[in-house]
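Chemist: Sequence first, predicted model second:
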Number of protein chains: 2
Amino acid sequence: MPSLPTTTKQWVLSNPPTTKVILDGSETTFKLETASIPALKDGQVLVKPHYFSNDPAQRGWIQKGVDAERLYIPPVAQGAVMRSFAICEVLQSKAENLKEGQMVSAAAGWTEYAVMEAKDCNPVQADEQAGIKLTHFIGSIGAPGITAYWGLVNVAGTTKDDTVVVSGAAGATGSMVMQIAKHVLGCKKVIGIAGGEKKCKWVESLGADVCVDYKATNFKEQLWKATEGFVEVYFDNVGGEILDTMLKRIKRYGRIAACGSVATYNDPESLRLKNWFEVIANRIEIKGFIVLDAFFQGKGPAIIGALRNGVKDGKIKLTEEGETIVPTKFEDVPKTWTSLFEGGNQGKLVTELKA
Amino acid sequence: MPSLPTTTKQWVLSNPPTTKVILDGSETTFKLETASIPALKDGQVLVKPHYFSNDPAQRGWIQKGVDAERLYIPPVAQGAVMRSFAICEVLQSKAENLKEGQMVSAAAGWTEYAVMEAKDCNPVQADEQAGIKLTHFIGSIGAPGITAYWGLVNVAGTTKDDTVVVSGAAGATGSMVMQIAKHVLGCKKVIGIAGGEKKCKWVESLGADVCVDYKATNFKEQLWKATEGFVEVYFDNVGGEILDTMLKRIKRYGRIAACGSVATYNDPESLRLKNWFEVIANRIEIKGFIVLDAFFQGKGPAIIGALRNGVKDGKIKLTEEGETIVPTKFEDVPKTWTSLFEGGNQGKLVTELKA
């Protein structure tokens, strides 16, 4: 067995951003540091992240001036290691329930090595026969999948009688929303919105009745056609202009599950809802939500069960195309994350740490 | 009896506006015309409006390019008489249930005289002992009062355990929201937002625990103090910046009843919700609504009853200060209406037609 590391490189939050994340210069958002690794106490493990989860939500945790009281989890403090979910290997354990070599899912942060409480680590195991890889625990059957299910079923109350539109349809959450709506709930019609022909084709291959390309010059025309007669449910992952446009396409008494606003995280001032009057005139109901509520309300395990059954029954596909795995040097971890906001990924964007 | 009129002056919609309403020149929004009055058919009455109701909602009915399918009532067609609710006198009747001299509430429009179907006219009667004047039927115990009750109770589900903020608190609807929340529902705390010291004092005199002046330089500071610990319910009459600001003051799982957006009706592009992320992070529920739903769902009569009981029990005050009655020549009817958007009125803005 190689000797254990005594120091670790880590990315800390140096300058909380107000708009764009900056990756170099004196105002750089993150800074690379080296820290010593403390000795393990009882109940702790030393873990080595192999895969980082890249989530738009992380942007909200580092916003300058964010009010801790208003955020659903503590913001990342200036000077602290950037928070990130990760799939990690246990290198050393002083906890009874975890042993060396075991793989766990944990909020290790952007670090080469982390000392974690064992209770904050969830063992994960690939299942080749079922097609479940380790990375799926931060993707389709992890937080994005649970978010999709919770938002559709519990927040928007979606049933088979609904027509559903989902934006960010080729993203980690959106691609699951689409599959759950179409194949698990059996919704009447499922319409995706994604950027680019390739992504749209992929979304349709997963079961969307149609996927509209928001980068196309005739986007609005296509969307109007796809949503003829209007829709009951809009699952919003993107906010911004697409949310504004969708306000005109939601049926009277329709519902919006507000899950994310990735289009505006780097420029909050840009959310201009010029169609707000539609909310009033058509009695639209908008509900913001976050995935943690599924667990607060004790529904987490049941949803995970439903997702696994969906996979087992072939209703939810865990395909290669559902993940964009980016081999990344530790020095480039922030760069891979920021590509989320440029729409570069199809499905879950995973950072695979290069040795 | 004087002979009956054979012609009438009327204001028609000449140029549906996109932003500001224009009151003169070649692009004038409304045009004054003279039309002949047709003979009455069976079931019809000839009415003469004495008071016009001035409602922010009217702005929505004339927006250029408004999609009829998306509006809750037909938009006003170009060239048609501008729609307005009014308190009218029956001058002539060919209907059994209405007789000459009777007062009715009806959507007569901006006209000196109108031929109406009797079934579209609701008889109204002042009640001096109860302090109910004719104008209250287009105010406190009319649509604005019903809107206030419906929005608070049925849309936002407000109970005595809630702290409530209402914007446009000195307006026709807002002043009723405030009184119903405080005195009928017995809410824990009721906070008004209004423009100017005089209006704020009036709102407080009606029972608000505090009314914050949005024109004050320290508005935000005052609002933060008034909403310490955050609030469960926000009744939004104004949209715009105040809605955006309030997103930061709503408690986790709090509710917004979206009733109006008067701040943006003349400039829809101005609604910039830079705090939208609060909707997601704090799981805020926003429900748009209109007063007609109270009737569609059969709750209208019960609400009117509750309002009248509130008046009878002294919980709802029908004071002189609750109405801004503007004596107006017929030629100036549009001008009085547009003053709604400048915040000139306290309580219900009523146009009293000068002889």
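Modeler: Received it, and whenever you're ready, just let me know what you need.

Chemist: What strand or helix carries the residue of the stretch 51-200 of chain A found nearest chain B?
Modeler: Of all residues in the stretch 51-200 of chain A, A:Y72 sits closest to chain B, with a separation of 5.3 Å (Cβ to the nearest Cβ). Every residue, glycine included, has its C-beta placed from N, CA and C. Under the assignment given by DSSP states H and E, A:Y72 is not contained in any helix or strand.

Chemist: give me phi/psi at it?
Modeler: For A:Y72, the backbone dihedrals (degrees, to the nearest 10) come out as phi -80, psi -20.

Chemist: got a list of what it touches?
Modeler: A:I290, A:L292, B:A281, B:N282 (Cβ atoms under 8 Å, 6 or more residues apart in numbering or on different chains).

Chemist: Make CSV out of those and add distance to A:K198, neighbour count and secondary structure.
Modeler: CSV is the format used below for the contacts of A:Y72 (distance: Cβ to Cβ, whole Å; neighbours: other Cβ atoms under 10 Å in any protein chain shown; DSSP: H, G, I helix; E, B strand; the rest coil):
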residue, distance to A:K198, neighbour count, secondary structure
A:I290, 30, 23, coil
A:L292, 33, 16, helix
B:A281, 32, 22, helix
B:N282, 36, 21, coil
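
Chemist: Pick the one among those closest to A:L46.
Modeler: Distance to A:L46 across the contacts of A:Y72 (Cβ to Cβ) is lowest for A:L292, with 26.9 Å.

Chemist: Find the nearest non-adjacent residue to that closest one, please.
Modeler: Counting by Cβ to Cβ, 6 or more residues apart in numbering or on different chains, the nearest residue to A:L292 once its immediate chain neighbours are dropped is A:Y72, at 6.0 Å.

Chemist: circling back to that earlier point, show me which of the contacts of A:Y72 is closest to B:Y214.
Modeler: If you rank the contacts of A:Y72 by distance to B:Y214 using Cβ to Cβ, B:N282 comes first, at 22.2 Å.

Chemist: Now that closest one. Nearest residue, chain neighbours left out?
Modeler: Counting by Cβ to Cβ, 6+ apart, B:N282 lies nearest to B:R252, which is 4.8 Å off, once chain neighbours are set aside.

Chemist: which SS state does that neighbour fall under?
Modeler: Per DSSP: H, G, I helix; E, B strand; the rest coil, the local secondary structure of B:R252 is strand.

Chemist: cool, and A:Q179?
Modeler: The local conformation at A:Q179, judged by three-state DSSP, is helix.

Chemist: Then the one 3 residues further on?
Modeler: Secondary structure, three-state DSSP: A:K182 is helix.

Chemist: Model confidence score at it, please.
Modeler: Here the pLDDT value assigned to A:K182 is 98.

Chemist: Provide a list of residues in contact with the closest residue to it other than its chain neighbours.
Modeler: Ranked by Cβ to Cβ, 6+ apart and with sequence neighbours excluded, the top spatial neighbour of A:K182 is A:G207, at 4.0 Å. Listed by Cβ under 8 Å, 6+ apart, the contact partners of A:G207 are A:M178, A:Q179, A:K182, A:H183, A:V190.

Chemist: one more time with 6 Å
Modeler: Counting by Cβ atoms under 6 Å, 6 or more residues apart in numbering or on different chains, A:G207 touches A:Q179, A:K182, A:H183.
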